[in-house]
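Student: Just the structure for this:
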Amino acid sequence: MTKKLVAKRPARPSTEALVASRREEILEAAAKLFARHGFEGCDTQLLADELGVGKGTLYRYFPSKRELFLAAADRAMRLLRQQIDTSIADVVDPLERIAVAIRAYLAFFNDHPEFVELLMQERAQFKDRKKPTYFEHREANLERWRVMYRGLIADGRIRDMPVERITDVLGALVYGAMFTNYFTGPRQAPEAQAREILDVVFRGILSDTERQRVSSTQTPR
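Tutor: Have a look, this model is predicted:
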């Protein structure tokens, strides 16, 4: 007797996977609506209508509009780190990793201006928070970069200076560029803008002659 082959049905997603997928769907839509209408002007009914669900569904995932907003801001920063990590995953040279990371950072916010809007709204609406979401994520992510800079200093590839100064200055540069691009519109593509930032950071603005003159006239600390 010939056995009849029965095609296997594809495995159904687990309940956890479905919950995670729906949560991401809600947060993606919420980020765009908050950016468009502002925190105060974005009623959760707008979001429910956008998703085709009842408000009760939203509240099962996020008990309040505040929690929904902050979760959307947190998701933006998680996605930023994912994009940067993916972009540098196969980059071996540390200096090139810095360059690629800055390009990925600028490209991320260029592609997602709604996330810039969320970060601004958070500062305006939730002044009671000790630390904004952006800086919570930044601080959690800093040490791996500082380790890399210590290695570059040990190898003689960059000047010996406090690594905190390096991360503070570079962080301020890209943070400022992100907001400037949002308010005025990027004047160039993220890759070109990253090249300009890196040219000034890596090479400085002084000529070799002027750098030597300034070094010789400065009082040692």
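
Student: what sits up against the helix or strand of the chain with the lowest mean pLDDT?
Tutor: Among the secondary structure pieces of the chain, namely its helices and strands, helix 208-217 has the lowest mean (mean pLDDT, DSSP states H and E), a mean of 83. When contacts are taken as Cβ atoms under 8 Å, 6 or more residues apart in numbering, the neighbours of helix 208-217 outside the stretch itself are Gly204, Leu206. Every C-beta, even on glycine, is put in place using the N, C-alpha and C of the backbone.

Student: next one: the longest helix anywhere in the chain to chain centre, how far?
Tutor: With DSSP state H applied, the helix covering the greatest number of residues in the chain is identified as helix 15-41. Between the centre of helix 15-41 and the centre of its chain there are 17 Å (Cα atoms, centre = their mean, to the nearest Å).

Student: Tell me the buried residues in it?
Tutor: By neighbour count, with 16 or more other Cβ atoms under 10 Å as the criterion, the buried positions of helix 15-41 are Ile26, Leu27, Ala29, Ala30, Ala31, Lys32, Leu33, Phe34, Ala35, Phe39.

Student: Starting from it, tell me the next helix or strand along the chain.
Tutor: Beyond helix 15-41 on the C-terminal side, the first helix or strand identified by DSSP states H and E is helix 44-51.

Student: going on from that following helix, what's the next piece of helix or strand?
Tutor: Using DSSP H and E, the helix or strand that follows helix 44-51 towards the C-terminus is helix 55-61.
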